[in-house]
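In: Predicted model, plus sequence, below.
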Amino acid sequence: MAVPGETRPESGTARNEFALERYRYILQQIHAINENVHRFLAIYQTLATALVSGALALFVGYRKWGVAPATARGGVIGLLTLTTVVAAFTTTLIVVGALAWFDYRNEECDITEEVIGPDFRKRPRPGNFFRWYETYVLLFILVSVITMWVLAEFFLLPAMR
């Protein structure tokens with residue numbers, strides 16, 4: 001048993017092993033966060049395509065099905081609203097993932113500074129957001145939702161009178 005103030009030779013080794021395991025875990029989490037963005041985008045694209053297709057099917061077939069125009073308009077608006085909710089949820093997941101990535105990268109830098117030395121790895125900067133693919137995924141979602149509503153407002157809904 002070690003006496004207080006005495007340093008054991010294996011304590012440095014144990015610390016480095018712990019740091020290495022933590023570093024591996026952090027890299028694994030960063031990798032998982034990066035993969036999640038692609039999953040979230042795929043889910044958004046799939047659900048948005050299905051919901052907008054449903055809205056278009058309702059627009060095309062409401063007369064043949066005997067659905068009142070006001071009811072069909074309400075259905076289209078409901079489907080587009082649901083698509084917007086899916087977009088908002090996907091956006092939230094991507095933003096939270098980006099914040100978690102930022103935290104993990106800072107922790108990665110802390111570990112490398114402690115174990116290897118200062119400035120081994122540069123810390124992430126929020127100013128580089130234009131280089132993150134998450135930025136463009138979010139822009140795609142925003143533009144697609146705005147386009148969907150503009151097209152519905154100017155073409156679909158007026159034609160359903």
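Out: Nice, I can see it. Numbers count the residues shown, from 1 in each chain.

In: Show me which residues of stretch 90-107 are buried.
Out: Residues of stretch 90-107 classed as buried under the neighbour-count rule (16 or more other C-beta atoms under 10 Å) are 90-91, 93-94, 97-98, 101, 104-105, 107. Yep, even glycine has a C-beta here, placed from its N, CA and C like the rest.

In: Now distance to Leu27 and secondary structure too, for those residues, in JSON lines please.
Out: What follows is the buried residues of stretch 90-107, written out as JSON lines (distance: C-beta to C-beta, whole Å; DSSP: H, G, I helix; E, B strand; the rest coil):
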{"residue": "Thr90", "distance to Leu27": "25", "secondary structure": "helix"}
{"residue": "Thr91", "distance to Leu27": "26", "secondary structure": "helix"}
{"residue": "Leu93", "distance to Leu27": "21", "secondary structure": "helix"}
{"residue": "Ile94", "distance to Leu27": "20", "secondary structure": "helix"}
{"residue": "Gly97", "distance to Leu27": "16", "secondary structure": "helix"}
{"residue": "Ala98", "distance to Leu27": "17", "secondary structure": "helix"}
{"residue": "Trp101", "distance to Leu27": "12", "secondary structure": "helix"}
{"residue": "Tyr104", "distance to Leu27": "8", "secondary structure": "helix"}
{"residue": "Arg105", "distance to Leu27": "10", "secondary structure": "helix"}
{"residue": "Glu107", "distance to Leu27": "11", "secondary structure": "helix"}
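
In: Out of the residues you listed, which comes closest to Tyr44?
Out: Thr90 (4.2 Å; C-beta to C-beta).

In: Can you tell me how far that closest one is from Gly54?
Out: Thr90 sits 18 Å away from Gly54 when distances are taken as C-beta to C-beta, to the nearest Å.

In: and if you look at Tyr136?
Out: Counting by C-beta to C-beta, the gap between Tyr136 and Gly54 amounts to 27 Å.

In: Between those two, tell me which one has more neighbours.
Out: Shown here are Tyr136 and Gly54; by other C-beta atoms under 10 Å, Gly54 has more neighbours (17 against 11).
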